[in-house]
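Engineer: sharing a model that was predicted from the sequence below.
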4 protein chains.
Amino acid sequence: MFVLVNLKAYPCNPIEVATAAADVADDSGVRVAVAPQAANLAAVAGTGVETWAQHVSPNEHGSHTGSTLAEAVAESGAEGTMLNHSENRLKLADIDASLDAADRVGLETIVCANNPAQTGAVAALGPDAVAVEPPELIGTGTPVSKADPDVVTGAVDAAARVDGDVDVLCGAGISTGEDIVSASDLGATGVLLASGVAKADDPRAALEDLVEPLR
Amino acid sequence: MFVLVNLKAYPCNPIEVATAAADVADDSGVRVAVAPQAANLAAVAGTGVETWAQHVSPNEHGSHTGSTLAEAVAESGAEGTMLNHSENRLKLADIDASLDAADRVGLETIVCANNPAQTGAVAALGPDAVAVEPPELIGTGTPVSKADPDVVTGAVDAAARVDGDVDVLCGAGISTGEDIVSASDLGATGVLLASGVAKADDPRAALEDLVEPLR
Amino acid sequence: MFVLVNLKAYPCNPIEVATAAADVADDSGVRVAVAPQAANLAAVAGTGVETWAQHVSPNEHGSHTGSTLAEAVAESGAEGTMLNHSENRLKLADIDASLDAADRVGLETIVCANNPAQTGAVAALGPDAVAVEPPELIGTGTPVSKADPDVVTGAVDAAARVDGDVDVLCGAGISTGEDIVSASDLGATGVLLASGVAKADDPRAALEDLVEPLR
Amino acid sequence: MFVLVNLKAYPCNPIEVATAAADVADDSGVRVAVAPQAANLAAVAGTGVETWAQHVSPNEHGSHTGSTLAEAVAESGAEGTMLNHSENRLKLADIDASLDAADRVGLETIVCANNPAQTGAVAALGPDAVAVEPPELIGTGTPVSKADPDVVTGAVDAAARVDGDVDVLCGAGISTGEDIVSASDLGATGVLLASGVAKADDPRAALEDLVEPLR
């Protein structure tokens, strides 16, 4: 299982979370990555943790003020990028172009989707993985694997029908190791989580609890 | 073959084009529809021509100033709606929600896509059809069926792999009856066209020429 | 005082509200207008009521699928257009261009703004009026003139400092004639309202109550 | 005069340009700053050059995946931020909120505008400065101060009428020291430039030439 911690724009210390994540990944052997804001990518990558961007722009080098180019993200030390998070929804054509941008520089890709139908749609664009996150569960602490397991199995099926090489991750409401095990049981190969770690009083302890059942 | 004439925001007389389209459809037996701006839907539908919207909003009834609700479009007499034209690209989640909105009121749906990969993606959302239109050919007078026939066959294959019930139309650069026949030969079940009719000196004559090989 | 009833995407019968508004305007001598969705403009204008659009696109005639051109709006019988409602916020450059579009065809313009600073900003673009509507009060039934009268007087002052010819209207939470009188006392020359009329069981009675103190 | 070099998403080495800019600023006594992509802010600030962001998001700390928070920008060492560049146009309400975000952390602000009317509009929101850049001149090498000097003086007048504390900078087509002197003569207190330095074979030489008349 892959555990990707999205720091969003939370008032956490990204270096503290990244250092904890790097240590927990080393200790447990579980793959754990951290996705900070673009401005913090290099500092987070400097801790040695696997680093992901929260977004890359669909464009190439050129006159694009305010962009976050895949090239700049990769040069900052990131190994992957999320795309189309429900807080940052993209046009279909831009998901396609941002996936091309990520491919150009070798970034791994996870595209978010709200439901099984969108999971199938995204899978047709050839990302490495799709993360299914019903928007109404994000930040609730109720995991989709419990609230609506059919969404996860439906997403796994939808992706498989379109492209058997596309993994499905599970997001929204994940906060315990048990939630991760449930997600795995439903066919997900990883989880996206955010507040459960980034807003925890002790992010290291939160991560240790999370990966405990996966050791 | 289905011939859908997109009036865009051209300075044409929508009633004149609609009347011509209704007559040509009657005379030839070819299915011809016209897609005017939202403000002109009722007037165009009043001519008896099959009428399509250029877009419907993803939302339901409620506090959404500036929306074009599927309900209002259907009540104006439209029978279908285009979505995600390259001049009006939508977020993936909004294509999904606009398709739901169209289904709610029984509007037929055609979603535009730039290439075969996006055609497959859109097909996964369950529209009635996808129109593949490479943006670089729109308005050029060079039909995609001639400039890049692999895009059309690739789109037909991509849609079929995802959902065999989803038709593929062909847009961008269609201006003659021969172009429509080529599109049909490549597996398309219809064409999207715009300036070739809407900006013609004599829209009726342009339409008659277009459908001639289909009679 | 000018009373502009925004029908948003409410499930009301636009013709019924428009007919009531036309009658109440005639009976009371108060200026009352109705702003329906674009698809309903012609039908609403056909009742004889003063008709406004909820939005016009910033562009001119051309290849702009999904646009609502100022020309199409004016030809449908509308006399004015709202712009930049908080449910349909526009880029600064597009407010500027949509105002140019409205001017091109003689549409009167009201641009919405959240606060006094934005009211001053909009006034610098030369609309006929600015409607100040704190987003947090929209749909609450608590009028800005009561909840936060300083917002209204601040907006009136901000507009006057920039361009003395720009009127200020007051929106958000207006539902009674008393609210309109308060708005007038604070320097507003009109009100924007929506649910108080459009979602009323008896829109005509609601409008009669509203204009009663203005007769 | 303030010289702000916008690196956009150009394929330049941001550290090389930043080091050159720091040296030229030191040698000449002219204020020179560099605005890299968000991912490069910390590295650029590390050279000692005055560093600006190309954009900051309108939101505060919270669940906002893909944002570039003013806080993260300031912590990376930036001293200011551009907003609303013609390649990254913002909604009016978001310009207002992004200015609040910048104020929150003490970032200096320059908001771009296309013409004198928009310059006045932006000035009403209280930024430190407005940069007037007619979009049709960006990247042309023809300076606005020569092609259309009335735009610059019109912008200076428009800002002064609204808020005498708001400076006006001049962008679009600036590439020589003479262009900067012309801009100064027209009332601008600085210039925005991009390709003239960022795409120069020798950015240091380009900067030295630019500031020569200002020494």
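Structural biologist: Received, thanks.
Engineer: beta partners of A:Ala129?
Structural biologist: Beta-bridge pairing of A:Ala129, defined through DSSP bridges, involves A:Ile110, A:Asp167.
Engineer: state the distance from it to chain D.
Structural biologist: A:Ala129 sits 16 Å away from chain D, going by CB to the nearest CB, to the nearest Å. Heads up, the C-betas are built off the backbone N, CA and C, glycines and all.
Engineer: same deal with A:Thr119?
Structural biologist: Look at A:Thr119 and chain D: by CB to the nearest CB, they are 18 Å apart.
Engineer: which residue, other than its chain neighbours, is closest to that residue?
Structural biologist: Leaving aside its sequence neighbours, A:Thr119 sits nearest to A:Ala155 (CB to CB, 6 or more residues apart in numbering or on different chains; 4.0 Å).
Engineer: toward the C-terminus from the helix or strand of chain A with the lowest mean pLDDT, list the very next helix or strand.
Structural biologist: Using mean pLDDT, DSSP states H and E, helix A:144-147 stands out as the lowest-scoring helix or strand of chain A, at a mean of 80. Next helix or strand after helix A:144-147 toward the C-terminus (DSSP states H and E): helix A:149-162.
Engineer: could you give me the buried positions within that next one?
Structural biologist: Of all the residues in helix A:149-162, those buried under the rule 16 or more other CB atoms under 10 Å in any protein chain shown are A:Pro149, A:Val151, A:Val152, A:Thr153, A:Gly154, A:Ala155, A:Val156, A:Asp157, A:Ala158, A:Ala159, A:Ala160, A:Val162.
Engineer: do you know the pLDDT at the last one?
Structural biologist: By that I understand A:Val162. With respect to pLDDT, A:Val162 scores 94.
Engineer: ok, back up a step: I figured the residue nearest to A:Thr119 hits A:Glu133, correct?
Structural biologist: No: contact criterion CB atoms under 8 Å: A:Ala155 and A:Glu133 do not qualify, at 9.7 Å.
Engineer: overlap of the contact sets of these two?
Structural biologist: Both A:Ala155 and A:Glu133 are in contact with A:Ala113, A:Cys170, where contact means CB atoms under 8 Å, 6 or more residues apart in numbering or on different chains.
Engineer: show me what contacts the residue located most distally from the centre of chain A?
Structural biologist: Here chain A reaches farthest from its C-alpha mean at A:Ser63, the gap being 28.7 Å by CA atoms, centre = their mean. By CB under 8 Å, 6+ apart, A:Ser63 lies in contact with D:Lys8, D:Ala9, D:Tyr10, D:Glu87, D:Ile138, D:Gly139, D:Ala194, D:Ser195.
Engineer: which ones are touching the first one?
Structural biologist: Applying CB under 8 Å, 6+ apart, we find D:Lys8 in contact with A:Gly62, A:Ser63, A:His64, A:Thr65, A:Ser67, D:Gln54, D:Glu87, D:Ala194, D:Ser195, D:Ala198.
Engineer: looking at those, which is nearest C:Cys112?
Structural biologist: Within the contacts of D:Lys8, proximity to C:Cys112 (CB to CB) peaks at D:Glu87, which comes in at 26.1 Å.
Engineer: look at the nearest residue to the closest one once chain neighbours are set aside and give its secondary structure.
Structural biologist: In this structure, D:Glu87 finds its nearest non-sequential neighbour in A:Thr65, 4.2 Å apart by CB to CB, 6+ apart. Look at A:Thr65: counting by DSSP: H, G, I helix; E, B strand; the rest coil, its state is coil.
Engineer: for D:Cys112, see how far away A:Thr65 is.
Structural biologist: Distance of A:Thr65 to D:Cys112, computed by CB to CB, to the nearest Å: 9 Å.
Engineer: which of those two has more residues huddled nearby?
Structural biologist: D:Cys112 (32 against 23; other CB atoms under 10 Å in any protein chain shown).
Engineer: tell me how far that one lies from chain B.
Structural biologist: 24 Å.
Engineer: ok, A:Asn84 next?
Structural biologist: 6 Å.
Engineer: pull the contacting residues for the residue nearest to D:Glu87.
Structural biologist: Contacts of A:Thr65 by CB under 8 Å, 6+ apart are D:Asn6, D:Lys8, D:Ala9, D:Gln54, D:His55, D:Met82, D:His85, D:Ser86, D:Glu87, D:Asn88.
Engineer: and with 6 Å instead?
Structural biologist: D:Lys8, D:Gln54, D:His85, D:Glu87, D:Asn88 (CB atoms under 6 Å, 6 or more residues apart in numbering or on different chains).
Engineer: burial of A:Gly106, as a residue count?
Structural biologist: Residues near A:Gly106, counting by other CB under 10 Å, number 10.
Engineer: check A:Thr81 too.
Structural biologist: 27.
Engineer: what comes up buried for stretch A:131-151?
Structural biologist: A:131-134, A:137-139, A:142-145, A:148-149, A:151.
Engineer: gap between the two ends of that stretch?
Structural biologist: 11 Å (CA to CA, to the nearest Å).
Engineer: check whether that stretch contacts chain B.
Structural biologist: No: using CB under 6 Å from any CB of the partner chain, stretch A:131-151 stays clear of chain B, with a minimum separation of 8.5 Å.
Engineer: which outside residues touch that stretch?
Structural biologist: By CB under 6 Å, 6+ apart, stretch A:131-151 touches A:86, A:110, A:112-114, A:119, A:152, A:155, A:169, A:171-175, A:179, A:182-183, A:186, A:192, A:195.
Engineer: what about chain A, any weak spots by pLDDT?
Structural biologist: For chain A, no stretch is flagged by pLDDT under 70.
Engineer: how about the strands in chain A?
Structural biologist: A:2-6, A:31-35, A:50-53, A:80-83, A:108-113, A:129-132, A:167-170, A:190-193 (DSSP state E).
Engineer: just these: most buried one?
Structural biologist: Per residue and on average, the most neighbours among these fall to strand A:129-132, with a mean of 28 (mean count of other CB atoms under 10 Å in any protein chain shown).
Engineer: so how far is that strand off the chain centroid?
Structural biologist: 8 Å (CA atoms, centre = their mean, to the nearest Å).
Engineer: using JSON lines, please lay out the contacts of A:Thr65 together with distance to C:Phe2.
Structural biologist: Output for the contacts of A:Thr65, formatted as JSON lines (distance: CB to CB, whole Å):
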{"residue": "D:Lys8", "distance to C:Phe2": "45"}
{"residue": "D:Gln54", "distance to C:Phe2": "42"}
{"residue": "D:His85", "distance to C:Phe2": "37"}
{"residue": "D:Glu87", "distance to C:Phe2": "39"}
{"residue": "D:Asn88", "distance to C:Phe2": "36"}
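Engineer: out of those residues, who's nearest C:Pro203?
Structural biologist: The closest of the contacts of A:Thr65, once distances to C:Pro203 are taken by CB to CB, is D:Asn88, at 42.9 Å.
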